[in-house]
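Chemist: Got a sequence here, can you model it:
(2 chains)
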Number of protein chains: 2
Amino acid sequence: MVELTNRLRKLVASLDDARVRREEGLFVAEGTKCVLDTLRHFEVRYLFVTTAWLERRHGELKGMEPIVVKRADMERMSHLSTPPEVIAVYAMPRLDISELAPAGKLVLALDRVQDPGNLGTIIRIADWFGIRDIVCSPDTVDLYNPKVVQATMGAISRVKVYYTPLAEWLHGCGLPVYGTFLDGDDIYGASLSPAGVIVMGNEGKGISGDVAREVTCRLTIPPYPAGVATSESLNVATATAVTVSEFRRRQL
Amino acid sequence: MVELTNRLRKLVASLDDARVRREEGLFVAEGTKCVLDTLRHFEVRYLFVTTAWLERRHGELKGMEPIVVKRADMERMSHLSTPPEVIAVYAMPRLDISELAPAGKLVLALDRVQDPGNLGTIIRIADWFGIRDIVCSPDTVDLYNPKVVQATMGAISRVKVYYTPLAEWLHGCGLPVYGTFLDGDDIYGASLSPAGVIVMGNEGKGISGDVAREVTCRLTIPPYPAGVATSESLNVATATAVTVSEFRRRQL
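Modeler: Numbers count the residues shown, from 1 in each chain, chains lettered A, B, ... in the order given. Below is the predicted model:
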């Protein structure tokens, strides 16, 4: 039976560091909902639980061997402001972009999205609207950042997220490439194909030049009423939701 | 000329407490973008700046008398993880729901939305889509929470947010009342009027019973493909964006 050593406690606590995650090939999920949603989808390395949690939930572990720890240990290992009653440490799956066959699909592409909450929310949006693949530029925030994992609310187990040089991949993907800009065509009136890539850009700077050159159709979510001075832009997760919703609406 | 006293520094730091805000009638905006977007729209009580900020931005203050403070003071007063170079303290405007004439308008109503980031994002969405009024249940997160102010990205100066018992107000508002539920009519196919109230519910629990009774048209954002098991729900800000976008699309 595995025990909680000082070394292990420190390892879990340090998994908010991308370098440590890469070196160890591990990432964490915290809290009942997040853990139970992901437990069957990733390879479990460690499962830390409090006695109280184990009493309530042992039926859901189906033979998995948890490590029972004190609340104080949870506090030391957790990346949340309120420490959870359960923490899972998973082996990080290695996804290879060459396994993605985008033909006939709607795919999301993210160019340098920086905020963990935004990436997590975008994965949740993709999940809701049946998008199974997200292709990210290498400098997009890391999927396995604990804040991203948390914000996906379990959707991380149903959506595949790849990292690859984006302009190059778009160039060869064989699909129409849509991008959202402040000066594109009104999305509500534009022709949208059922298969294609939708590119969303960085929070402050939008889509970078080399990626923008691969965009074949520039779209805009028009403010209402048209032309009235208002917020400079929508948040990137908000814009993703409106854009993907409009693509799917055409298919229903 | 006003100077930074210990008392004043403590007052500003304590404005993340709703009770202190109510008692003092004050709230804060932090950071260049947030302050410059709001400076003309609220009554300024104090404006704290660093020397470096003042040198770069004095042209934008148009005669306002700032209090120059050290970075260490900014750190003590700020509610952000990275202290800003400018903090504004404003008088809290008193909005009276009786001043809202909803006839002919699209209005948002929020029932117990709890997360400050969600409220801020929803205000930004309202601003983009030309919704000028949001009516909140009294137990919705406080508009003047520093995290809400921050997340609005300046939109707080263009959207009016009222707090009032929601079911009662909806009962007398004289408009069709739309609500989003998991079992409503497909929003893309539903009949949507240009004027009406759109009710969004609590993050975990949705719309409460007494508010739901005032809803005249139940809407759903359908997952894609229909009926496939997926995330349990969209985040409330995401759902607001998709819903409001669909109302405005019909009007363009």
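
Chemist: Can you get me the start-to-end distance on stretch A:147-162?
Modeler: End-to-end distance for stretch A:147-162: 18 Å, by Cα to Cα, to the nearest Å.

Chemist: Averaged pLDDT, it. What do you get?
Modeler: Per-residue pLDDT over stretch A:147-162 has a mean of 94.

Chemist: Is there any residue in that stretch that contacts chain B?
Modeler: Yes: against chain B, stretch A:147-162 shows contacts by Cβ under 8 Å from any Cβ of the partner chain at A:153-155, A:158. All C-beta spots, glycine's among them, are computed from the backbone N, C-alpha and C.

Chemist: Likewise for stretch A:88-107?
Modeler: No: Stretch A:88-107 does not reach chain B (Cβ under 8 Å from any Cβ); its nearest approach is 8.9 Å.

Chemist: Please name the nearest non-neighbouring residue to A:Ala212.
Modeler: Nearest residue to A:Ala212, sequence neighbours excluded (Cβ to Cβ, 6 or more residues apart in numbering or on different chains): A:Gly179, at 6.5 Å.

Chemist: Quick check: the gap between that neighbour and B:Thr51.
Modeler: 41 Å (Cβ to Cβ, to the nearest Å).

Chemist: Look at the two and report which has more neighbours.
Modeler: Just comparing A:Gly179 and B:Thr51: by other Cβ atoms under 10 Å in any protein chain shown the higher neighbour count belongs to A:Gly179, 24 against 11.

Chemist: can you list the residues of the stretch 1-150 of chain A near chain B?
Modeler: Residues of the stretch 1-150 of chain A lying near chain B (Cβ under 8 Å from any Cβ): A:117, A:121, A:124-125, A:127-130.

Chemist: Mind checking which of those are in helices?
Modeler: The helices, defined by DSSP state H, take in A:117, A:121, A:124-125, A:127-128 from those.

Chemist: Dump those residues to a markdown table, plus neighbour count.
Modeler: Shown next, in a markdown table, are these (neighbours: other Cβ atoms under 10 Å in any protein chain shown):
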| residue | neighbour count |
| --- | --- |
| A:Gly117 | 16 |
| A:Thr121 | 28 |
| A:Arg124 | 27 |
| A:Ile125 | 27 |
| A:Asp127 | 23 |
| A:Trp128 | 27 |
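
Chemist: where does the nearest residue to A:Arg213 once chain neighbours are set aside land in three-state SS?
Modeler: In space, and not counting its chain neighbours, A:Arg213 is closest to A:Ala167: 7.0 Å by Cβ to Cβ, 6+ apart. Assigned with DSSP: H, G, I helix; E, B strand; the rest coil, A:Ala167 falls in the helix class.

Chemist: can I assume A:Ala167 is in contact with A:Gly209?
Modeler: No: contact criterion Cβ atoms under 8 Å: A:Ala167 and A:Gly209 do not qualify, at 9.0 Å.

Chemist: more neighbours, the two?
Modeler: A:Ala167 (15 against 7).

Chemist: what's the spacing between the more buried one and chain B?
Modeler: From A:Ala167 over to chain B the distance is 28 Å, taken as Cβ to the nearest Cβ, to the nearest Å.

Chemist: what do you get for A:Leu192?
Modeler: 13 Å.

Chemist: How many residues are close by A:Leu39?
Modeler: Neighbours of A:Leu39 under the rule other Cβ under 10 Å: 20.

Chemist: Could you find the closest non-adjacent residue to it?
Modeler: Closest to A:Leu39 by Cβ to Cβ, 6+ apart is A:Ala88, at 6.4 Å.

Chemist: Identify the residues contacting the helix or strand that the one you found is a member of?
Modeler: Take DSSP states H and E as the rule and A:Ala88 turns out to sit in strand A:86-91. With Cβ atoms under 8 Å, 6 or more residues apart in numbering or on different chains as the test, strand A:86-91 has contacts from A:12, A:15, A:25-32, A:35, A:38-39, A:42-50, A:53, A:57, A:74, A:77-78.

Chemist: Ramachandran angles for the closest residue in space to A:Phe181 that isn't next to it in sequence?
Modeler: Spatial nearest neighbour of A:Phe181, excluding adjacent residues (Cβ to Cβ, 6+ apart): A:Arg218 at 5.0 Å. Main-chain torsions, A:Arg218, degrees, to the nearest 10: phi -90, psi 130.

Chemist: who's A:Arg218 bridged to?
Modeler: When bridges are called by DSSP bridges, A:Arg218 pairs up with A:Gly179.

Chemist: Next one: it from B:Arg248, what distance?
Modeler: Distance from A:Arg218 to B:Arg248, by Cβ to Cβ: 20 Å.

Chemist: out of the two, which sits in the busier spot?
Modeler: Neighbours were counted for A:Arg218 and for B:Arg248 using other Cβ under 10 Å; B:Arg248 has more, 23 against 17.
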